[in-house]
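Trainee: dropping the sequence and predicted coords here.
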Amino acid sequence: MVERFTVEQAGYILYADMVDRLRTQFPSVPAWRLDQIVAAEHDAITGGVLRIVPAEVETGAVEMLTREQQGRLDEDGEVA
């Protein structure tokens, strides 16, 4: 049986919670700069590779890719 664990137990934290803590700790830093720094640090640690994403990301990607492919077929004069 596979052992289940929470995101926190795996060493992950929620992005929004992290940003809230940073904004509290560094109130004079603009939000865009905090986001920029967090993105740079994430890329430095992970090499920019996403390892865990919400399941809805795949669902949304499938929807976008399906629409994109249908658009190409429509432009070529074929039936979508």
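Mentor: Received, thanks. Numbering: from 1, shown residues only.

Trainee: helix or strand: which one has Leu50?
Mentor: Assigned by DSSP states H and E, Leu50 falls within no helix or strand.

Trainee: gap between Gln69 and Thr59?
Mentor: As judged by Cβ to Cβ, to the nearest Å, Gln69 and Thr59 stand 16 Å apart. To be clear about C-beta, it is placed using only N, CA and C from the backbone, and glycine gets the same treatment.

Trainee: need the CA coordinates for the lengthiest helix in the chain. PDB is fine.
Mentor: Criterion DSSP state H: the longest helix present in the chain is helix 55-75. Only the C-alpha atoms of helix 55-75 are listed here, as PDB (Å, rounded to 0.1, in the frame of the first residue of the first chain):
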ATOM      1  CA  ALA A  55      -4.300  18.500 -11.500                       C
ATOM      2  CA  GLU A  56      -6.300  21.300 -13.100                       C
ATOM      3  CA  VAL A  57      -3.200  22.500 -14.900                       C
ATOM      4  CA  GLU A  58      -3.400  19.400 -17.100                       C
ATOM      5  CA  THR A  59      -7.100  19.800 -17.700                       C
ATOM      6  CA  GLY A  60      -6.600  23.400 -18.700                       C
ATOM      7  CA  ALA A  61      -3.700  22.500 -21.000                       C
ATOM      8  CA  VAL A  62      -5.800  19.800 -22.700                       C
ATOM      9  CA  GLU A  63      -8.600  22.300 -23.300                       C
ATOM     10  CA  MET A  64      -6.200  25.000 -24.700                       C
ATOM     11  CA  LEU A  65      -4.300  22.500 -26.900                       C
ATOM     12  CA  THR A  66      -7.600  21.100 -28.200                       C
ATOM     13  CA  ARG A  67      -8.800  24.600 -29.100                       C
ATOM     14  CA  GLU A  68      -5.400  25.400 -30.700                       C
ATOM     15  CA  GLN A  69      -5.500  22.200 -32.900                       C
ATOM     16  CA  GLN A  70      -9.100  22.900 -33.900                       C
ATOM     17  CA  GLY A  71      -8.100  26.500 -34.900                       C
ATOM     18  CA  ARG A  72      -5.300  25.100 -37.100                       C
ATOM     19  CA  LEU A  73      -7.700  22.700 -38.800                       C
ATOM     20  CA  ASP A  74     -10.200  25.500 -39.400                       C
ATOM     21  CA  GLU A  75      -7.500  27.700 -40.900                       C
END
